[in-house]
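Visitor: Sequence first, then the predicted structure, then my questions.
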Amino acid sequence: NPKSGFIVYCNNCYRGDGWDAREYSADYDFTRPFFDQFKDLIKKVPKNSLYSTTGVGQSVNSDYTNCGGGLKNCYLCFNSSVVEDSMYSRGITYSNNLLDSYFCKKAENCYECINVHNSVGIRHGKNSANCMDCIFIENCSNLNNCIGCVNLRNKSFYIFNEEYSKDEYFEILSKINSSYAEFVKFKNEFEKLRLNHPHKANENLKIQDCIGDYLSECKNVHYSFEIINGEDSKWNFSSREMKDCYGTVGYGIKSELLLECTSTGYVSRGIGCWACEIGSDLEYSISCFPNNKNLIGCDSLKNSQYCILNKQYTKDEYEKIRDHIINELKENNLYGLMIPSELAPFAYNETIAQDNMPMSRDDAISLGFRWEDNMQITKDKETIAPESIPDHIDDVSDDIKNEILRCVGCTRNYKITDDELLFYRKMKLPIPRYCFYCRHKDRLSRRGPYKFWNRKCDFCGDGITTTYAPDRPEIVYCEKCYQQEVM
């Protein structure tokens, strides 16, 4: 935020050799609290404009992305890695040509997908794998050319769970393709259908002794969400390939023994770190990468060891001061917790916390968080009304790229980019009437809340732990009943 007061460098300058974060170092003052001194350091050291990881490869032509790595030709993609030619998505990996998607792996040419993997040509898919050329599917696998289907396996040419001939199928498909009005009509019919079919208590795959949702190939991972290849971990969100980690958010790749870390990967033994990469024994440090060891209270160091507040010490000096810091934090019940919120560089409503645990301004401030009252937004600048946008994509001219659109949800203004229009035409999709922010909010709603409830299986009556609240309209089965009665 321009009002934050931080010095901000572009990514190339931040990672370059034209400056040294040690120039901002401070002597440790034994008479002052550690976090007060760390706060002073954070205010002085320049910050990276965006966080781009390098552990999975450099990003190319993807300036408007954050918390990602190995991206090529991507725009407004977040927490994603090894992705090409994608836009408006979060949590996607090893994929290409995705738009408006969330938590997908090895997907191609997909639109409005949530938890869709190893699939091609899916429009409006959720919790499905190994599918091709389908529209509006949920909890499906190995489908080919299906529309509006729930809980199906190994089928082709099905519409609303009923089989059609190939010719009949493509005749109906031609009505849906490209038309906004027909798309909305089919979507509404699909929403009715999905409520009549059972849902699994969670969307976990290939797990052992786990509690959570959207867990894939995990072992002994508890109370966590969106974890891939995790082991012996707890209270994690949107992390991958980590072991023995507690309280992580994002990244996590090839890490172990992380505690209360955010956007940290390729790190062994880290506590309270944010945006650290390729290192070991890092505590209460931010943006330190690569090749760091034995740091505490550091900001933006690289290739360093035995540093406190960015100052170099001998091993003996480092251990003496570190012991003092740890004792102070333990006395105040702070050791092992994340960096205090008053040191956070962002306001609560500027982070994904507001997405997953929304709060009012007053509640956030009462808990010690900052709140940004003037979020960046453009309104009342539209040059075309929503009702004036052609219904069919074939009737949309290139001039749409020069227009300013108005969201039918929040009334925010938005635009259509060159690559976006090419994608809509290729995938036979109508121009969206909602802005990126409203579309993202809708995906979060369809994903479901990241909160657990105890309720009973709607088939056998046994107790289950699920993200489906007891008052939700969905029919919810335990894993055993779902496997027996659905699959």
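Guide: Ah, there it is.

Visitor: Could you check how far stretch 466-481 is from the centre of its chain?
Guide: 24 Å (Cα atoms, centre = their mean, to the nearest Å).

Visitor: right, I mislabeled it, should have said stretch 240-248
Guide: Offset of stretch 240-248 from its chain centre (Cα atoms, centre = their mean): 16 Å.

Visitor: ok, now stretch 368-388?
Guide: Centre-to-centre, stretch 368-388 and its host chain are 22 Å apart (Cα atoms, centre = their mean).

Visitor: Repeat that for stretch 163-171.
Guide: On Cα atoms, centre = their mean, the centre of stretch 163-171 falls 37 Å from that of its chain.

Visitor: What residues sit buried inside that stretch?
Guide: Buried residues in stretch 163-171, counted by 16 or more other Cβ atoms under 10 Å: 164, 169. C-beta: built from backbone N, CA, C; applies to glycine.

Visitor: what does it rub up against?
Guide: 145, 147, 155, 157-159, 172 (Cβ atoms under 8 Å, 6 or more residues apart in numbering).

Visitor: Kindly report the same for stretch 247-255.
Guide: With Cβ under 8 Å, 6+ apart as the test, stretch 247-255 has contacts from 53, 55-56, 67, 79, 81, 230, 233-243, 245, 258-268, 270, 277, 338.

Visitor: likewise stretch 42-52?
Guide: For stretch 42-52, using Cβ under 8 Å, 6+ apart, the contacting residues are 5-11, 14-15, 19, 21, 24, 58-59, 62-63, 65-69, 263, 275, 286-287, 299-300, 310, 343, 345.

Visitor: Go again with 6 Å.
Guide: Applying Cβ atoms under 6 Å, 6 or more residues apart in numbering, the external contacts of stretch 42-52 come out as 6-11, 14, 21, 24, 59, 66-67, 275, 299-300.

Visitor: Buried subset of those, written for PyMOL?
Guide: Selection of buried members from the contacts of stretch 42-52 for PyMOL, criterion 16+ other Cβ under 10 Å:
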select buried, resi 9+14+21+24+59+66+67+275+299+300
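
Visitor: so which of the contacts of stretch 42-52 comes closest to residue 400?
Guide: Checking the contacts of stretch 42-52 against residue 400 with Cβ to Cβ, the nearest one is residue 66 at 27.1 Å.

Visitor: could you say which helix or strand contains the residue lying closest to that closest one once chain neighbours are set aside?
Guide: Closest residue to residue 66 apart from its sequence neighbours, by Cβ to Cβ, 6 or more residues apart in numbering: residue 50 at 4.9 Å. Assigned by DSSP states H and E, residue 50 belongs to no helix or strand.

Visitor: show me what contacts residue 404?
Guide: 381-383, 413.

Visitor: I should have written residue 94 there, sorry.
Guide: Taking Cβ under 6 Å, 6+ apart, we find residue 94 in contact with 82, 105-106.

Visitor: Got a quick PyMOL command for the buried subset of those?
Guide: Buried members of those, defined by 16+ other Cβ under 10 Å, are picked up in PyMOL with:
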select buried, resi 82+105+106
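
Visitor: which one of the contacts of residue 94 sits closest to residue 36?
Guide: Checking the contacts of residue 94 against residue 36 by Cβ to Cβ gives residue 82 as the nearest, at 40.4 Å.

Visitor: State the helix or strand in which that closest one lies.
Guide: strand 81-84.

Visitor: just residue 128 next, same as before
Guide: For residue 128, the element it lies in under DSSP H and E is strand 105-129.

Visitor: What are the contacting residues of that strand?
Guide: Against strand 105-129 from outside (Cβ under 6 Å, 6+ apart): 93-104, 130-141, 203, 214, 427, 443, 447.

Visitor: Take the residues you listed and keep only those in helices.
Guide: Per DSSP state H, helices hold the following members of these: 427, 443, 447.

Visitor: Relative to residue 342, how far out is residue 215?
Guide: Distance from residue 215 to residue 342, counting by Cβ to Cβ, to the nearest Å: 33 Å.

Visitor: again, but for residue 199
Guide: 41 Å.

Visitor: What residues of stretch 43-63 count as buried?
Guide: Neighbour-count burial for stretch 43-63, counted by 16+ other Cβ under 10 Å, picks out 45-48, 50-56, 59, 62.

Visitor: now do stretch 185-196
Guide: Those would be 186, 190, 194, for stretch 185-196 by 16+ other Cβ under 10 Å.

Visitor: I'd guessed residue 266 sits against residue 56; true?
Guide: No. Residue 266 is beyond contact range of residue 56, at 9.3 Å (criterion: Cβ atoms under 6 Å).

Visitor: Residue 215 and residue 342: which has the busier surroundings?
Guide: residue 215 (25 against 10; other Cβ atoms under 10 Å).

Visitor: Which stretches in the stretch 101-250 of the chain count as strands?
Guide: 105-129, 132-138, 144-150, 156-159, 162-163, 198-200, 211-216, 219-228, 231-234, 242-243 (DSSP state E, counting those that start in this stretch).

Visitor: and what of the stretch 301-450 of the chain?
Guide: 305-308, 311-312, 405-406, 413-414.

Visitor: Quick one: closest of these to residue 361.
Guide: strand 413-414 (23.9 Å).

Visitor: From one end of stretch 281-292 to the other, what's the distance?
Guide: 8 Å (Cα to Cα, to the nearest Å).

Visitor: what's next to that stretch, contact-wise?
Guide: Contact partners of stretch 281-292, identified using Cβ under 6 Å, 6+ apart, comprise 269-279, 293-301, 303-304, 339.

Visitor: if we go to 7 Å?
Guide: 38, 42, 48, 267, 269-279, 293-305, 339 (Cβ atoms under 7 Å, 6 or more residues apart in numbering).

Visitor: Regarding this structure, what is its longest helix?
Guide: helix 315-331.
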